[in-house]
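Enquirer: give me a model of this one.
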Amino acid sequence: MADLKSFAEQLVNLTVKEVNELAQILKDEYGIEPAAAAVVAGPAAGGDAPAAAAEKTSFDVILKEAGGQKLAVVKLVKDLTGLGLKEAKDLVDGAPKELKTGVAKDEAEALKKQLEEAGAVVEIK
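Expert: Numbering: from 1, shown residues only. Take a look at the predicted model:
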């Protein structure tokens, strides 16, 4: 059980680049399409299209604006996404922008909380 917990923790802490690499490995080596797997699992669980839509499982974290503590937000975005400093600054300057897409509700809420504590305005869709 401890191994599964550490594995789950590793997955949650992956950067965007690492998640993309993992998705590519799953697709190329195992024939698994992560986005397609989520779509297939949705209707099977509920059986009803409106019920499946109500139980959304993946969320997008959108940075609406940097707020008053722009430097702190840029540093946090850099850490959370694995982007370089310039890319993180460009993302923050270009707000509103998607910060992470297709994440679990718990992860989306945690990201929102961290960013709001740094002074950013964040939306989860």
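
Enquirer: look up how far K125 lies from the closest residue to V77 other than its chain neighbours.
Expert: Once flanking residues are discounted, V77 sits nearest to A88: 4.4 Å by Cβ to Cβ, 6 or more residues apart in numbering. Where you see a C-beta, it was placed from the backbone N, CA and C, and this is true even at glycine. Distance of A88 to K125, given as Cβ to Cβ, to the nearest Å: 21 Å.

Enquirer: more neighbours: which of the two?
Expert: Neighbours were counted for A88 and for K125 using other Cβ atoms under 10 Å; A88 has more, 21 against 10.

Enquirer: quick check: that one is in a strand.
Expert: No - A88: not assigned to a strand; according to DSSP: H, G, I helix; E, B strand; the rest coil it is helix.

Enquirer: give me the buried positions along the lengthiest helix in the chain.
Expert: Determined from DSSP state H, the single longest helix within the chain is helix 16-30. For helix 16-30, a neighbour-count test (16 or more other Cβ atoms under 10 Å) marks V19 as buried.

Enquirer: going forward can the numbers begin at 4, since that is how I track them
Expert: Shifting the count to begin at 4 puts that one at helix 19-33.

Enquirer: figure out how far it is from the centre of its chain.
Expert: Relative to the centre of its chain, helix 19-33 is centred 15 Å away, using Cα atoms, centre = their mean, to the nearest Å.

Enquirer: same check on stretch 99-115?
Expert: Stretch 99-115 has its C-alpha centroid displaced from the chain centroid by 4 Å (Cα atoms, centre = their mean).

Enquirer: how about the strands in the chain?
Expert: All strands of the chain, identified by DSSP state E, fall at 62-68, 100-106, 124-127.

Enquirer: just the residues contacting the second one, thanks.
Expert: With Cβ atoms under 8 Å, 6 or more residues apart in numbering as the contact definition, strand 100-106 has outside contacts at 19, 38, 41, 61-66, 80, 83-84, 94, 110-111, 114, 118, 125.
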